[in-house]
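S.K.: Predicted model and sequence follow; I will ask about them next.
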Amino acid sequence: MIVDIHNHILPNLDDGPQNWEEMTLLAKQAAQAGITHVIATPHHKHRHKEHFYENDPSVILLMTEKVNQRLKKMGIPLSVHPGVEFHLHENILKEIDNSLDDFLTLNNNGKYILMEPPSRFYPDYIDKALLKLKEIGLIPILAHPERNRELRKNPKNLYHLVENGILIQVTAASVLGIHGRRLKNFALHLLDHHLVHFIASDAHHFVRRKFELMNAYEYIKDKYSLDLCEYFKNNAIHALEGTDIKVKNPKKISKKRQYFFLYNHPLNQI
C-alpha cells in the first residue's frame, strides 16, 4: 500500500483539476506511478490571487464518493479518501472554538489534520492554533513548511513544534529540487534533523504538478536509507488508518550549520 496524504485530485473545488477529464488524467498518473491510495485535501479558507477557496466537509465527502465511483467504472486502481488542507488564517483560533466541525480530518478518522501556513510570514497565532488543536485531541500535520520564508530563516521554530507533538509534511517536489535548490536544501536539512514525518505530492495537475511521491521515495532511499523511506511510507498508512506514529527524536538545528540558501541568505526574502 502506498498512500499520498496531500493532493488536490478532486475536480472543481480549488486550483486542482478543473474538470472530470483532468481529474481522470491525474488519477491515472498516480496509479501508474504506483500509488494505491490518496487522501484528497482541497484548500479551505485559502486565498490564491483572485480566488478564495472554501470547501464544506459535506461537499468533500460527496465529491470523494463520486470520484471513487468514476475511477472504479474506468478501472483505474486508485482509492480516494476525504481530507482538507486547512489554511492557518488570522481567524483560525476563533474557528477552532466555534466551527470545529469544519476541520475535516484525514480520511475523516478524527485524528490527523493537515494545516497549511502562509508562505511569506509566520504570525504568532499559527503556533497557538496548532497547539490548541493538539490539546483538544487532534494531531496537526504542518504542510510544506519549507516554502515558508520565515521558517527557512528560523528553523528552530519547527523543532519546538515537533517537540510539542506537531508533525511535519514536506513536499516530494521540494526533496527532488523541482522547485529550486533553495527549497531542496532546506527540505534535506529538515530530513537530516528528523523534523519530517511525511513526504507527500501536493499534486494539482497531471503535467504541471504531478504525483512525484514515488520519485521522492527513491531519492530518499538512495541518499539516506531504505529504513527512512519505509518510515515515511508507514507513517502515511498510519495517517490513513488513524493509528499511532512512532516519532523519531528531533535534532536541534545549530546556527553553526548555516550554509548557502538557508537562514538569512537574500534569496530567503522572496
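M.R.: Received it, and whenever you're ready, just let me know what you need. Numbers count the residues shown, from 1 in each chain.
S.K.: neighbouring contacts of the longest helix seen in the chain?
M.R.: Counting by DSSP state H, the longest helix found in the chain is helix 57-74. By Cβ atoms under 8 Å, 6 or more residues apart in numbering, the surrounding residues in contact with helix 57-74 are 9-11, 13, 20, 23-24, 27, 40, 42, 78-84, 101-102, 104, 108. C-beta: built from backbone N, CA, C; applies to glycine.
S.K.: Report all helices and strands that the helix or strand following that helix contacts.
M.R.: Using DSSP states H and E, the next helix or strand after helix 57-74 towards the C-terminus is strand 79-82. On a contact count with 3 or more Cβ pairs under 8 Å, 6 or more residues apart in numbering; DSSP states H and E, strand 79-82 meets strand 37-40, helix 57-74.
S.K.: Quick one: mean pLDDT for the shortest one?
M.R.: It refers to strand 37-40. Throughout strand 37-40, pLDDT has a mean value of 98.
S.K.: For that strand, list the C-alpha coordinates in PDB.
M.R.: Only the C-alpha atoms of strand 37-40 are listed here, as PDB (Å, rounded to 0.1, in the frame of the first residue of the first chain):
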ATOM      1  CA  HIS A  37      -4.400   5.400  -2.000                       C
ATOM      2  CA  VAL A  38      -4.700   9.200  -1.900                       C
ATOM      3  CA  ILE A  39      -6.200  11.400   0.700                       C
ATOM      4  CA  ALA A  40      -7.700  14.300  -1.200                       C
END
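S.K.: Moving C-terminal from that strand, which element do we reach first?
M.R.: Strand 37-40 is succeeded, C-terminally, by strand 43-44 (DSSP H and E).
S.K.: Who does that following strand pair with, and is each partner parallel or antiparallel?
M.R.: Note on strand 43-44: by DSSP bridges, its sheet partners are strand 85-87 (parallel).
S.K.: which residues are contacting the partner strand?
M.R.: With Cβ under 8 Å, 6+ apart, strand 85-87 has contacts from 6, 8, 41-47, 102-104, 113-116, 118, 143.
S.K.: from those, which would you call buried?
M.R.: 6, 8, 41-46, 102-104, 113-116, 118, 143 (16 or more other Cβ atoms under 10 Å).
S.K.: Which members of those occur in strands, if any?
M.R.: Assigned to strands by DSSP state E, the following of the buried ones among the contacts of strand 85-87 qualify: H6, H43, H44, H46, I113, L114, M115, E116, A143.
S.K.: Return the item of these having minimum pLDDT.
M.R.: Lowest pLDDT among these: H46, 65.
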